[in-house]
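# no sequence on this one, just coordinates:
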């Protein structure tokens, strides 16, 4: 019998790689299968990366998508213990707010987005909350 392994919880997938410079600069380059964060602050999120988009009671609007991509990638690096959550989480949350404003979100909504991730985002950055691998069918 052939089995599959997968993770759930993703809604979106990049069809092209995304590269930007961000104000988060780790002491050494972080290289994973889909996310590369150089110590210069250059982030490269590779084609095929999947993320869950904006979280919470919100609308997945176009002015929220790029921010949610970068924010989710940074939180994934924290969950994977490539970035220290205590050192980088607040900066990742501030960057989410900044990108959303750059992309046309009102400052009031972006402020609420920031408040939401500050209040409820800690578990999503916690290494204890890595997405489990599920195997199918049941006998695998």
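Nice, thanks for sending it over. Predicted model only: the values in this text are computed from it and were never measured. Numbering: from 1, shown residues only.

# can we go C-alpha only for contacts and neighbour counts from here?
Will do.

# give me the three-state assignment for the residue nearest the centre of the chain.
The residue lying closest to the centre of the chain (Cα atoms, centre = their mean) is residue 72, at 0.9 Å. Three-state assignment for residue 72 (DSSP: H, G, I helix; E, B strand; the rest coil): helix.

# repeat that for the one 10 residues further on.
Residue 82 carries the three-state label coil when classified by three-state DSSP.

# for the spatially closest residue to it that is not a sequence neighbour, what are phi and psi?
Nearest residue to residue 82, sequence neighbours excluded (Cα to Cα, 6 or more residues apart in numbering): residue 30, at 6.6 Å. Phi and psi for residue 30, reported as degrees, to the nearest 10, are phi -110, psi 120.

# can you give me the helices in this structure?
Assigned by DSSP state H, the chain shows helices spanning 62-79, 85-102, 107-120, 122-125.

# residue 43: which of these is closest?
helix 62-79 (8.5 Å; Cα to Cα).

# now that closest one against helix 85-102, angle please.
170 degrees (axes from the mean of the first three to the mean of the last three Cα atoms, to 10 degrees).

# for beta bridges, what are the partners of residue 36?
The partner list for residue 36 in beta bridges (DSSP bridges) reads residue 31, residue 44.

# what's the burial count for it?
19 (other Cα atoms under 10 Å).

# ok so, going back, quick one: the helices of the chain as a markdown table, columns for mean pLDDT too.
Below are those laid out as a markdown table (pLDDT from 0 to 100):
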| stretch | mean pLDDT |
| --- | --- |
| helix 62-79 | 97 |
| helix 85-102 | 98 |
| helix 107-120 | 96 |
| helix 122-125 | 93 |
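
# check contacts around residue 85.
Applying Cα atoms under 8 Å, 6 or more residues apart in numbering to residue 85 gives the contacts 78-79, 125-126.

# over to residue 32?
By Cα under 8 Å, 6+ apart, residue 32 has no neighbours at all.
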